[in-house]
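>>> this one's structure only:
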């Protein structure tokens, strides 16, 4: 089995069997191709005509590759790379192409938990207020920020949101998340009005470029679906305009949405469903709390807190 065939079969497996998104599949594919390029380069430098195949590659080959790439990527990216390769070789074992996984003895680097910045409500309001509404793209951009912040969407979920996914009468939108799984997310009446205005007054004036984009909510001036990069650029420009010192992106709004809900009493399991997380541990990573808030919770609810003891004395 050669690398081209192995990668092609694996991509089909990720797409059909696991139902992963295009972005996830591209990430897995990119990692394997990095390994293949490294092996080809190593063979050429050593004048070795015996190309290492997917079924013959060993732990030492993988270790050499990881050592080389670790010079240019951070520990978090390195851990993700190892995880991606491990998944690929697990697939080869599952299909009886290999009997062992050459990544089993390779440890992932220790990584510190890095959480993105969050925005206060006033900071989100400042971003929205800085949008130039004198042109149609401004109205669209305002609706984009309102939708991400109101519903906690991933950027991929936003750019793929369809008109047929909007159930305004019921107060919900249908979101296609990771693994091609749908979830229903409540939408605030303010955001409904904002979307309704954008769709009827702005988007209705745009002719979709392709047939598959006729149902897409957010389009550019040429009628094409917006890219992930475009959403990042919109937010970066607004951050500069408002002199916001935090490093922000679409995920900052999603993270702020979840943190704000938790701080105001929402149950972690509910937030998990709203965000579309399979595991509650993922939600715990996203939704961090500052120590002052934790102290307030203890003071309010613990039987040995100073507030409760004072009430008992009275």
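Yes, it's here. Given the structure is predicted, the values throughout are model-derived calculations rather than measurements.
>>> got the buried residues for stretch 144-164?
Going by neighbour count (16 or more other Cβ atoms under 10 Å), the buried part of stretch 144-164 is 144-161. For glycine as for every other residue, the C-beta is placed from the backbone atoms N, C-alpha and C.
>>> can you list contacts of whatever helix or strand residue 86 lives in?
Using DSSP states H and E, residue 86 sits in helix 75-94. Applying Cβ atoms under 8 Å, 6 or more residues apart in numbering, the contact partners of helix 75-94 are 6, 10, 13, 27-28, 31-32, 34-35, 54-55, 62, 66, 69-70, 73, 98-104, 106, 108-111, 114.
>>> Past it, which element shows up next along the chain?
As assigned by DSSP H and E, the chain's next helix or strand after helix 75-94 is helix 121-129.
>>> how about that following helix: buried residues?
123, 124, 126, 127, 128.
>>> ditto for stretch 191-200
191, 192, 194, 195, 198, 199.
>>> So what's the residue count around residue 211?
A count of nearby residues for residue 211, using other Cβ atoms under 10 Å, gives 7.
>>> scratch that, residue 260 is what I was asking about
18.
>>> Now do the contacts for it.
Per Cβ under 8 Å, 6+ apart, neighbours of residue 260: residue 121.
>>> pLDDT weak spots in this protein?
44-51, 111-116, 285-298, 300-302, 304-314 (pLDDT under 70).
>>> how about the helices in this structure?
3-12, 22-45, 59-69, 75-94, 121-129, 136-151, 155-159, 189-197, 228-241, 250-263, 268-275, 280-286, 291-301, 306-313 (DSSP state H).
>>> Distance to residue 219 added to those helices, as CSV?
What follows is the helices of the chain, written out as CSV (distance: least, Cβ to Cβ, whole Å):
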stretch, distance to residue 219
helix 3-12, 29
helix 22-45, 19
helix 59-69, 38
helix 75-94, 32
helix 121-129, 20
helix 136-151, 8
helix 155-159, 10
helix 189-197, 14
helix 228-241, 11
helix 250-263, 17
helix 268-275, 26
helix 280-286, 29
helix 291-301, 40
helix 306-313, 54
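>>> Sweet, I'm off.
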